[in-house]
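# sequence plus the predicted model coming up.
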Amino acid sequence: GIQVEQSPPDLILQEGANSTLRCNFSDSVNNLQWFHQNPWGQLINLFYIPSGTKQNGRLSATTVATERYSLLYISSSQTTDSGVYFCAVDNYGQNFVFGPGTRLSVLP
Amino acid sequence: DTEVTQTPKHLVMGMTNKKSLKCEQHMGHRAMYWYKQKAKKPPELMFVYSYEKLSINESVPSRFSPECPNSSLLNLHLHALQPEDSALYLCASSQRLAGTGIQYFGAGTRLSVL
């Protein structure tokens, strides 16, 4: 099945810093989503982005489908950005597979 | 409204108990999913329902029994669970089967098996 990798596994930032999270996948996909999981377990949709670039406030994402990776940019990070960021992909209805996640801690 | 509601939020059960988890959405979605998430791990797909029919069963033990009574409701019946089944159980829905739209997740049921 499709393999998903995320980097870095852990990231510690000072409030106000910028960061880039990466997701690599092993096969072509027709669905890619970025999620933020808060400390209570809720998975929050950030982007649905099988290709192209999107922006939402301080967050933006880019997926280069032909090169099988996606990037999530967080600018001017806040303590509320802390949590785990997951990339999840689906290759044409076979399965929705999550990457291992990036655990982000933003310090005040 | 993009809400998926799961009940209960927390559940503690013994290995001989029978309990059920409930998931509800009113977005008109026709695909619904159960995931299991262990601590510090990503969610793993358990079951997928498409148009109220079981579409995917990821080799889940029979002590987990899903049910989709209608297009808005998804249940997960639990019986004779083991302590290693303790986890966060997440429900999700999408407009159609995975691959064709955004999956929306509920807040989860945190299950402890004693």
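Received, thanks. Numbers count the residues shown, from 1 in each chain, chains lettered A, B, ... in the order given.
# what residues does chain A have near chain B?
For chain A, the contact set with chain B under C-beta under 8 Å from any C-beta of the partner chain comprises A:30-31, A:33, A:35, A:40-43, A:45, A:48, A:86, A:88, A:90-101. (C-beta placed from N, C-alpha, C; glycine too.)
# those strands in chain B, which residues are they?
Ranges of strands in chain B, per DSSP state E, are B:4-7, B:10-13, B:18-25, B:31-37, B:44-50, B:53-57, B:64-70, B:73-79, B:87-94, B:104-105, B:109-113.
# pLDDT value on residue B:114, please?
Per-residue pLDDT puts residue B:114 at 93.
# neighbours of it, just the number please.
As a burial measure, residue B:114 scores 10 neighbours (other C-beta atoms under 10 Å in any protein chain shown).
# now residue B:82
Residue B:82, neighbours per other C-beta under 10 Å, totals 10.
# any idea how far it lies from chain A?
21 Å (C-beta to the nearest C-beta, to the nearest Å).
# now, the residues of chain A next to chain B that are in strands?
Filtering those for strands - DSSP E - leaves A:31, A:33, A:35, A:43, A:45, A:48, A:86, A:88, A:90, A:96-98.
# can you list the residues you listed in TSV and add pLDDT and neighbour count?
Converted to TSV, these look like this (pLDDT from 0 to 100; neighbours: other C-beta atoms under 10 Å in any protein chain shown):
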residue	pLDDT	neighbour count
A:31	90	21
A:33	95	23
A:35	97	22
A:43	94	28
A:45	93	14
A:48	94	14
A:86	98	23
A:88	95	24
A:90	88	23
A:96	82	24
A:97	91	23
A:98	95	22
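# report the two of those separated the most.
A:45 and A:97 (16.6 Å; C-beta to C-beta).
# now do the contacts for residue 11.
If you meant another chain, say so; for now it's chain A. A:19, A:21, A:102-105 (C-beta atoms under 8 Å, 6 or more residues apart in numbering or on different chains).
# actually chain B
B:19, B:21, B:109-112.
# closest one of those to chain A?
Among these, residue B:110 lies closest to chain A (C-beta to the nearest C-beta), at 7.0 Å.
# hmm, the closest one is touching residue A:42, no?
No: counting by C-beta atoms under 8 Å, residue B:110 sits too far from residue A:42 to count as a contact (11.6 Å).
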